[in-house]
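Undergrad: just coords:
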Ligand code: HEM
């Protein structure tokens, strides 16, 4: 089901594009992004889960539980003091709605199913893209791979062979490599916003025109192009984790690095995504080297058919056991 939901055909690419540029029109003609069996699968899964929990009084600390609590009028807000540094690329929840006095709107089973589906859709292929491209870059950059493995071996020694959450998050080089992968290969290549207030962007250079934005206008923000702009990141096509060392990361111009978006609608899964990728790379690199195989395409050609970042023939890397 994951593959089916995130594999895009020409038609689904067109539907996404239509929704980006004319969302109201798409809603009016009831344009469906996914096939009905996908909607049916998620609807049934969530309805059955809610029913089973309510019948047996089961409580699990997960998103469905939070939404069921919200339905009863209980709001759960994380205390920021409980959160440790989860990585340079992670985004924080916006405080804008925390103290909102707006009444909580009724949450139906369908709303919960829709949230579950968007979590699945937004979190499935995106983390796979991050890990595929990071693996590929490690193949092309053996020095970076070796340094990361040294940090992994040191961390394992300090934890007496049993990795902890805190030790994983303290790994500076791991965080630098992940941050650089998210700069060069952001899974969300573009995001959008709807203008809510009239605004004029003044000309950047003499002779340029100003741009007037009106409420309702849709603005596309090309995350990938901004993160590859040589004005903000020198030699942008070079994979260089040093951009994110303690000294250099302070000099990154605000709003030029946004792999998880920015502001009140930023990615809700950034910490989870980074933790997932760090855990998997830690485990794999402690036992294996990533190496090129016959199918590894160098240089990589990107697929023109896919909505998401993907290699033309997929991304292939080999694993060889490490000799210690
Ligand atoms: C490397 C992995 C990921 C990347 C690069 C990524 C990137 C993004 C970006 C760029 C946005 C748009 C933010 C904005 O417009 O400001 C977004 C939104 C979102 N992401 Fe992620 N994401 C990732 C993983 C995940 C995961 C694991 C989940 C869920 C478990 C998730 C759930 C969401 C949701 C629900 C939204 C919509 C938020 C809203 O509209 O309020 N993402 N993500």
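TA: Yes, it's here. This structure is a prediction, so every number in the text was calculated from the model and none was measured. Numbers count the residues shown, from 1 in each chain.

Undergrad: make it CA atoms for all contacts and neighbour counts henceforth
TA: OK.

Undergrad: show me where pLDDT drops low in the stretch 201-324 of the chain?
TA: Low-confidence segments of the stretch 201-324 of the chain, defined by pLDDT under 70: 324.

Undergrad: so where do the strands sit in it?
TA: Assigned by DSSP state E, counting those that start in this stretch, the stretch 201-324 of the chain shows strands spanning 211-213, 218-221, 288-291, 318-321.

Undergrad: who in the stretch 151-300 of the chain is up against the ligand?
TA: For the stretch 151-300 of the chain, the residues in contact with the ligand (CA under 6 Å from any ligand atom) are 186-188, 191-192, 259-263, 265-270, 272-273.

Undergrad: next step: those residues restricted to helices.
TA: 270, 272, 273 (DSSP state H).

Undergrad: confidence score at the closest residue to the first one other than its chain neighbours?
TA: Right, the one you point to is residue 270. Once flanking residues are discounted, residue 270 sits nearest to residue 90: 5.2 Å by CA to CA, 6 or more residues apart in numbering. Looking at residue 90, its pLDDT reads 92.

Undergrad: what is the burial count for residue 90?
TA: When neighbours are counted by other CA atoms under 10 Å, residue 90 registers 22.

Undergrad: repeat that for the one 5 residues further on.
TA: Residues within reach of residue 95, counting by other CA under 10 Å, total 10.

Undergrad: residue contacts, it?
TA: Contact partners of residue 95, counting by CA atoms under 8 Å, 6 or more residues apart in numbering, are residue 264.

Undergrad: helix/strand/coil for it?
TA: coil (DSSP: H, G, I helix; E, B strand; the rest coil).

Undergrad: closest residue of the stretch 1-150 of the chain to the ligand?
TA: Closest contact between the stretch 1-150 of the chain and the ligand, by CA to the nearest ligand atom, is at residue 123 (3.4 Å).

Undergrad: what's the nearest residue to residue 276 if we skip its chain neighbours?
TA: In space, and not counting its chain neighbours, residue 276 is closest to residue 127: 7.9 Å by CA to CA, 6+ apart.
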